[in-house]
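1. Predicted structure and sequence below. I'll ask about it afterward.
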Amino acid sequence: MPSAYPQRLHPLTIVVEFLRVLGRVIWAIALFLYLRFSGAGSDGSDVIFALIGCVAVVTAVARYLTTTYGIQGGSLIVRTGLLTKQERTIPLDRIQNINLRRPFVHRLLGLVDVQIETASGTGVEASLSALSEDQAEAMRRVLGGSPVLGASEAPSLPTERTMYRASAAELFIAGATENRALAIVGALIGALAVADQAMPDRAWSGAVGAGIDRLSSMSTPAIIGAVVLLLVIGWIGSIVMSFVTYWNFELALGDGRFTRRYGLVNHVESVVPRHRIQLVRIVESPLQRMLGFCKLYAETAGSYGDKEVGGSALMSPLLDRETLPAVSKVVFASSPVSDIEWVGISPRAIRSRVQAALPWIILITAVAYVPFGVGALWLAPGLLLLSLLRAWLGYRSTGYSELGDAIAYREGVLSRTTWLMPCDKVQMVVMSQSPLQRRLGLASVTAPTASAGAFPATIRDLPDDSAYSIASSLSERSALLDLGEDGV
Amino acid sequence: MWPGIQQGALRQLDSRVKSLWRVESVILSLVLGAAALIADVVTRDLPFHQGIPVGVLAGVAFLLVLGWSLRMARLSHDHWVYQLRQDDLLVAYGVFWRTKRFIPRNRIQHVDIQAGPIARMIGIATLSVFVGGRGGAAASIPGLDPGEAEQLRLALLPNRVPPPVIGQEPGA
């Protein structure tokens, strides 16, 4: 059987590898070429060249001799390594993509670089470089038999339905209720200060300094008035930003793929395949919470083969909480969001968070003692009360719920974020306990999915027995559900 | 079902892994010690160096770190267990910071068995399990006897396709 284990790479791999090692140290070679031809250190550079050449040859030969691959028992096995030996086993039905690359040198020598990807979406799991055309073809035939491999998706969509279109009023409210005002003001002042430094002789030079001087010489109501004015400017800026960024926001669904189109200055058209959505995040700023609105983000997995990075996709800049269950059902057919019975975390979480804050309180008080003396000691009880309040509010606003085929989690005192993760997207479950948590009988549970964005939900400070049973049952539920279309 | 690896039994690492960890600690301490020594020599003429026996401090720190990590090897080994359950693999480790990882078996994308030069001399290997979406391993079990690692790999990736008969083309 041509692809049975063990097989070796093609001997000409040595040449390819040799050139590749040289390519990596091209800077050193260039440097020594320069030294050689400018007359300085011409004796040393010969030795250096020889040394580089020897190292490259030895590396290339070692790689050739120590790499074997082949199919055995329904899996692709690749063995590599001289000092650290590694044996990688990839079941054939986990292979998503086979790329055959023929860079210039490979083509000259009649070689192929075979790259094999699984569903991890972050790179190539096995790289066979380099094989002869026959070897590559044999591998492709054997690996290509797996049912998961398919042709690339059709470029155009025959039918597309517009699910949602943001009205001007919605964009206005979206901008008006975001937390951006302070950030915008801060950015403006920062930009002015930077411009001041960079270009000191322009019209706006000294504007920040002059502004601060004016401010400190004004009476208190005038200062308050000035601050309010700045905030209003920031607020208006936030509204304008929402309009410009999300102008004509439209969400369409066709053939299992969402398409988002928006933007006034920068027009964006982005496709989000539905099966790649790993979890859904609902975010509410404090004002939005009061008014009953929210934003919906879909977290997607990347795909190395399709050259997609994955990440966080905004599905709607402003959504009425009433319509949320229907929308989330469209985004992925999952349980409705509205009637979730939230379970709280352990009340000992308050103790845990206050205890975790103690070192910081002590540190801050100690640092403040130096310039301010004994008066700074009043800082400690004040900070303690503040952290107690924060911990209590945090405890009250955190909750989770084990729904039938998904897990929900929410947290956030001012801004609130709710995560919805279907069990079949959960890749693994991690239960962790810091030493402090262990003493209080608490634990945290994280359920990473394949999403490329940095948003796995961590349910912190659960009672440790609940944490274990939640983690264990989530893992079991996930194990009973089949993988999706992408093998993920 | 899988010879040697009983499903459901809590298994510990091979005790030889302590030797590996201790050797690694010694090497790391030597490297750090050398770096501290070099830093001491290099900064000898700088003003802040006067009056501070940097070399002695570095030496003491080196011995403390070394002693600590040698002691920790046994504790770490005692707190390392793994369990092959019906539908997932459970890995639990950590002396102060305790972590338990549950990896559903049908999420496993591929398995690596790896051994560095020292591990190979001692006679143990590390098995790493990869799932979808992550760049790195979902879980890594160090200190497995190579035969045990092989059996665990077989248990985690049950053969879905029967091995082909010699001389017959696959799919023919």
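-> Okay, I see it.

2. Identify the residues contacting residue 68.
-> All of this refers to chain A. A:Tyr5, A:Pro6, A:Gln7, A:Arg8, A:Val78, A:Arg79 (Cβ atoms under 8 Å, 6 or more residues apart in numbering or on different chains). All C-beta atoms are positioned from the backbone trio N, CA, C, and that covers glycine.

3. um, chain B though
-> Contacts of B:Trp68 were listed using Cβ under 8 Å, 6+ apart, and none were found.

4. From A:Phe18, how far out is the nearest residue to A:Leu12 once chain neighbours are set aside?
-> Nearest in space to A:Leu12, with sequence neighbours left out and distances taken as Cβ to Cβ, 6 or more residues apart in numbering or on different chains, is A:Leu109 at 4.9 Å. A:Leu109 sits 12 Å away from A:Phe18, going by Cβ to Cβ, to the nearest Å.

5. quick one, which of the two is more surrounded?
-> Using other Cβ atoms under 10 Å in any protein chain shown, the more surrounded residue of A:Leu109 and A:Phe18 is A:Phe18, with 19 against 14.

6. Looks to me like the more buried one is in a helix.
-> Yes - A:Phe18: assigned to a helix according to DSSP: H, G, I helix; E, B strand; the rest coil.

7. That one: what's it in contact with?
-> A:Phe18 sits next to A:Ala56, A:Val57, A:Thr59, A:Ala60 when contact means Cβ under 8 Å, 6+ apart.

8. how about the nearest residue to it once chain neighbours are set aside, phi and psi?
-> Once flanking residues are discounted, A:Phe18 sits nearest to A:Ala60: 4.1 Å by Cβ to Cβ, 6+ apart. Backbone geometry at A:Ala60, expressed as degrees, to the nearest 10, gives phi -60, psi -50.

9. cool, and A:Ser444?
-> According to degrees, to the nearest 10, A:Ser444 has phi -120, psi 150.

10. Low-confidence ranges, chain B, go.
-> Filtered on pLDDT under 70, chain B yields the residue ranges B:1-7, B:47-55, B:159-172.

11. So which residue is smack in the middle of it?
-> In chain B, the residue lying closest to the centroid (Cα atoms, centre = their mean) is B:Pro142, at 3.5 Å.

12. any chance you could map the helices in chain B?
-> Assigned by DSSP state H, the helices in chain B fall at B:17-42, B:54-78, B:117-122, B:146-156.

13. Which among the ones you listed is found nearest to B:Gly133?
-> Among the helices of chain B, the nearest to B:Gly133 by Cβ to Cβ is helix B:146-156 (18.1 Å).

14. next helix or strand past the lengthiest strand in chain A?
-> Counting by DSSP state E, the longest strand found in chain A is strand A:311-320. Per DSSP states H and E, the first helix or strand lying C-terminal to strand A:311-320 is helix A:324-331.

15. quick one: average pLDDT of that next one?
-> For helix A:324-331, mean pLDDT is 77.

16. following that helix, which helix or strand comes up?
-> Next helix or strand after helix A:324-331 toward the C-terminus (DSSP H and E): strand A:343-344.

17. just checking, next helix/strand downstream of that next one?
-> Using DSSP H and E, the first helix or strand after strand A:343-344 is helix A:348-372.

18. For the helix or strand following that next one, which outside residues touch it?
-> With elements assigned by DSSP H and E, the helix or strand that comes after helix A:348-372 is helix A:379-397. Here helix A:379-397 makes contact (Cβ under 8 Å, 6+ apart) with A:344-345, A:347, A:349-354, A:357, A:361-362, A:364-365, A:368, A:410-413, A:416, A:461.

19. Now list the buried members of these.
-> A:345, A:349-354, A:357, A:361, A:365, A:368, A:410-412, A:416, A:461 (16 or more other Cβ atoms under 10 Å in any protein chain shown).

20. returning to what we had before: how far does the longest strand of chain A sit from its chain's centre?
-> Put simply, strand A:311-320 sits 16 Å off its chain's centre (Cα atoms, centre = their mean, to the nearest Å).

21. Does anything pack onto that strand? Which helices or strands?
-> Applying 3 or more Cβ pairs under 8 Å, 6 or more residues apart in numbering or on different chains; DSSP states H and E, one finds that strand A:311-320 makes contact with helix A:168-177, strand A:257-262, strand A:268-273, strand A:293-300, helix A:324-331.

22. Compare those and give me the one nearest chain B.
-> Between chain B and the helices and strands packed on strand A:311-320, the tightest spacing by Cβ to the nearest Cβ is seen for strand A:293-300, at 10.4 Å.

23. Please save the CA atoms from the closest one in CSV.
-> Only the C-alpha atoms of strand A:293-300 are listed here, as CSV (Å, rounded to 0.1, in the frame of the first residue of the first chain):
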residue,chain,number,x,y,z
PHE,A,293,-32.5,47.4,24.4
CYS,A,294,-29.4,45.3,23.7
LYS,A,295,-26.8,44.5,21.1
LEU,A,296,-26.2,41.0,19.6
TYR,A,297,-22.8,39.6,18.7
ALA,A,298,-22.1,36.3,17.1
GLU,A,299,-18.7,34.8,17.9
THR,A,300,-17.4,32.7,15.0
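
24. quick one: average pLDDT of it?
-> Strand A:293-300 carries an average pLDDT of 88.

25. Surely B:Lys18 is in contact with B:Asp78?
-> No - judged on Cβ atoms under 8 Å, B:Lys18 makes no contact with B:Asp78 at a distance of 9.7 Å.

26. more crowded one of the two?
-> With neighbours defined as other Cβ under 10 Å, B:Lys18 and B:Asp78 compare such that B:Lys18 has more, 20 against 12.

27. ok, that one to B:Ser25 distance?
-> To B:Ser25, B:Lys18 is 10 Å away according to Cβ to Cβ.

28. Identify the contacts common to these two.
-> When contacts are counted by Cβ under 8 Å, 6+ apart, B:Lys18 and B:Ser25 have B:Ala73 as shared neighbours.

29. Quote the end-to-end distance of stretch B:46-65.
-> End-to-end distance of stretch B:46-65: 27 Å, with Cα to Cα, to the nearest Å as the criterion.

30. Briefly note if the host helix or strand of A:Asp134 comes near chain B.
-> Assessed by DSSP H and E, A:Asp134 sits inside helix A:133-143. Yes - against chain B, helix A:133-143 shows contacts by Cβ under 8 Å from any Cβ of the partner chain at A:Arg141, A:Val142.

31. Give the burial count for the nearest residue to A:Arg281 once chain neighbours are set aside, as a bare number.
-> Among residues not flanking A:Arg281 along the chain, A:Tyr297 sits closest, at 4.3 Å (Cβ to Cβ, 6+ apart). By the criterion of other Cβ under 10 Å, A:Tyr297 has 21 neighbours.

32. ok, now which ones touch A:Tyr297?
-> Taking Cβ under 8 Å, 6+ apart, we find A:Tyr297 in contact with A:Val280, A:Arg281, A:Ile282, A:Val283, A:Ser312, A:Ala313, A:Leu314, A:Met315.

33. partner residues bridging the fifth one?
-> With beta bridges defined as DSSP bridges, A:Ser312 has these partners: A:Glu299.

34. from memory it sits against A:Ala301, does it?
-> No - assessed by Cβ under 8 Å, A:Ser312 is found out of contact with A:Ala301, at 11.8 Å.

35. more crowded one of the two?
-> Using other Cβ under 10 Å, the more surrounded residue of A:Ser312 and A:Ala301 is A:Ala301, with 30 against 14.

36. ok, so what distance separates the closest residue in space to the more buried one that isn't next to it in sequence from B:Arg107?
-> Spatially, and ignoring its direct neighbours in sequence, A:Ala301 is nearest to A:Ala450 (3.8 Å; Cβ to Cβ, 6+ apart). According to Cβ to Cβ, A:Ala450 and B:Arg107 sit 9 Å apart.

37. Now do the shared contacts for the two.
-> Residues within reach of A:Ala450 and of B:Arg107 at once, by Cβ under 8 Å, 6+ apart, are A:Gln427, B:Gly132.
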